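Any chance you could fold what I've pasted below:
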Amino acid sequence: MRKTTLLKNLIHAPELLVMPGAYDPLSARIIEEAGFAAIQCSGYGISVSRLGLPDYSFLSLTDMVGASKCIADAVGLPVMADGDTGFGNAVNAWYAVRAFEDAGLAGVNIEDQVMPKRCGHLDGKTIVPIDEAVAKVRACAGARQDPDFVINARTDALAIGGIEEVIRRGNAYMEAGATMIFIDGMTDRALARQAVQGIRGPVAINVVEGGKSPERFTFAEMQEMGIARVSLPGSLILGAIQGMRDALAAVKANGYAGGPGGPKAAFDDLRRLAGFDQVFALERTYLGGLRSAAD
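Modelled structure (predicted):
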């Protein structure tokens, strides 16, 4: 089954689809290893890990396609890209969808913020008029070559126009050809339920630890209210930050590397996740049994 079809089927399945956010190929492989069914590219995570800059439209279309392709190529799971605002108007968004689809992604987020956009869990967002946003979604739907390529139309209208504007835009985006409506910055369980009841299509949200998300909003609750998908864009990069801090604190405290205190994976884990087992197999096949110095 094509990854596009698999992702679309997962979205329409009765079970909630949980998509952790990857920011590089290593984090994507760890998501796959953990047994999740699909991966969301984290635009925030990609921006801060590649550039050391916030989610503020600093990455170009070429940058984001390249980063997303590396993530998609590293795993066997369907991966959804973060297409930001489409990197311009509806014409730019058309070309963006073509680029992400050609790069092997199974779908893409396209949002209705004014460029430069910002993280959906920050204040100060601005959205484009609904007619402009609908034209962009229509262009994205028209650009896809595979009809199952997922157009995840994101709206940031909740913080600006309230739940009524979210529902109005969500239904307009569905009519324009979106596969799913992604409500960013969801702040309240009751509002999430209202959105599911009012939008005529699958509804997605995200949960950001420390952001605007309701505390302890469980997957069981989301499943019960009919949410189709939840993404976790910050979980891995926040965990990685703390893990690196703990590892360095342990090095300083112990006075040597490898001592107690810092949670660390085994070197063999890194070797396996990096793909050295395949490299060694190719060496045995093509280099007469020579082994890598890293083994």
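
alpha carbons only for contacts and neighbour counts from here, please
Fine.

Now do the strands in the protein.
17-22, 39-41, 79-82, 107-111, 150-155, 180-183, 203-206, 229-232 (DSSP state E).

Run through who's touching the last one.
Surrounding strand 229-232, the residues in contact under the criterion C-alpha atoms under 8 Å, 6 or more residues apart in numbering are 11, 16-21, 40, 203-208.

what sits up against the longest helix along the chain?
Counting residues, the longest helix found in the chain (DSSP state H) is helix 235-254. Outside of helix 235-254, the residues within contact range by C-alpha under 8 Å, 6+ apart are 20-23, 27, 45, 208-209, 257-264.

Please apply the same query to stretch 147-165.
If you take C-alpha under 8 Å, 6+ apart as the criterion, stretch 147-165 is touched by 4-5, 7-8, 80, 101, 106-113, 120, 125-127, 137, 140-141, 166, 169-170, 173, 177-186, 191, 194-195.

Restricted to buried residues, select those in PyMOL.
Of those, the buried ones go into a single PyMOL selection, burial set by 16 or more other C-alpha atoms under 10 Å:
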select buried, resi 4+5+7+8+80+101+106+107+108+109+110+111+112+113+120+125+126+127+137+140+141+166+169+170+173+177+178+179+180+181+182+183+184+185+186+195
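
quick one on the thing from earlier: in the contacts of strand 229-232, find the pair that's most separated.
11 and 208 (20.2 Å; C-alpha to C-alpha).

those helices in the stretch 51-200 of the chain, which residues are they?
Along the stretch 51-200 of the chain, the stretches classed as helices by DSSP state H, counting those that start in this stretch are 61-73, 90-102, 130-143, 158-175, 189-198.

low-scoring pLDDT stretches of the stretch 51-200 of the chain, where are they?
Of all residues in the stretch 51-200 of the chain, none has pLDDT under 70.

returning to what we had before: for the contacts of helix 235-254, which entry has the maximal number of neighbours?
residue 22 (32 neighbours; other C-alpha atoms under 10 Å).

That one: what's it in contact with?
For residue 22, the contacting residues are 28, 31, 39-42, 45, 71, 233, 236, by C-alpha under 8 Å, 6+ apart.

That one bridge partners, please.
In this structure, residue 22 bridges to residue 41 when assessed by DSSP bridges.

Turn the contacts of strand 229-232 into CSV, columns for distance to residue 271 and pLDDT.
Output for those, formatted as CSV (distance: C-alpha to C-alpha, whole Å; pLDDT from 0 to 100):
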residue, distance to residue 271, pLDDT
11, 33, 98
16, 33, 98
17, 30, 98
18, 27, 98
19, 25, 98
20, 23, 98
21, 22, 98
40, 24, 98
203, 39, 98
204, 35, 98
205, 35, 98
206, 32, 97
207, 31, 97
208, 30, 95
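
Just the buried ones from those?
For the contacts of strand 229-232, buried by 16+ other C-alpha under 10 Å: 11, 16-21, 40, 203-208.

Which member of these is positioned nearest residue 216?
Of all these, residue 216 sits closest to residue 207, with 9.7 Å by C-alpha to C-alpha.

And residue 129, how far from residue 56?
20 Å (C-alpha to C-alpha, to the nearest Å).

Those two: which is more packed in?
residue 56 (15 against 12).

separation between the closest residue to the more buried one other than its chain neighbours and residue 191?
The spatially closest residue to residue 56, leaving aside those adjacent along the chain, is residue 118, at 4.8 Å (C-alpha to C-alpha, 6 or more residues apart in numbering). Relative to residue 191, residue 118 is positioned 22 Å away (C-alpha to C-alpha).

swap in residue 96?
Relative to residue 191, residue 96 is positioned 31 Å away (C-alpha to C-alpha).

need the strands of the chain in CSV with distance to residue 272, can you?
CSV is the format used below for these (distance: least, C-alpha to C-alpha, whole Å):
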stretch, distance to residue 272
strand 17-22, 18
strand 39-41, 20
strand 79-82, 21
strand 107-111, 28
strand 150-155, 31
strand 180-183, 35
strand 203-206, 30
strand 229-232, 25
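
so which of the ones you listed gets nearest residue 269?
Taking those one by one with C-alpha to C-alpha, strand 17-22 is closest: 18.1 Å.

got the angle between the closest one and helix 235-254?
Strand 17-22 runs at 50 degrees relative to helix 235-254, counting by axes from the mean of the first three to the mean of the last three C-alpha atoms, to 10 degrees.

Can you pull the domain assignment for this protein?
3-233, 266-295 (automatic domain parsing).
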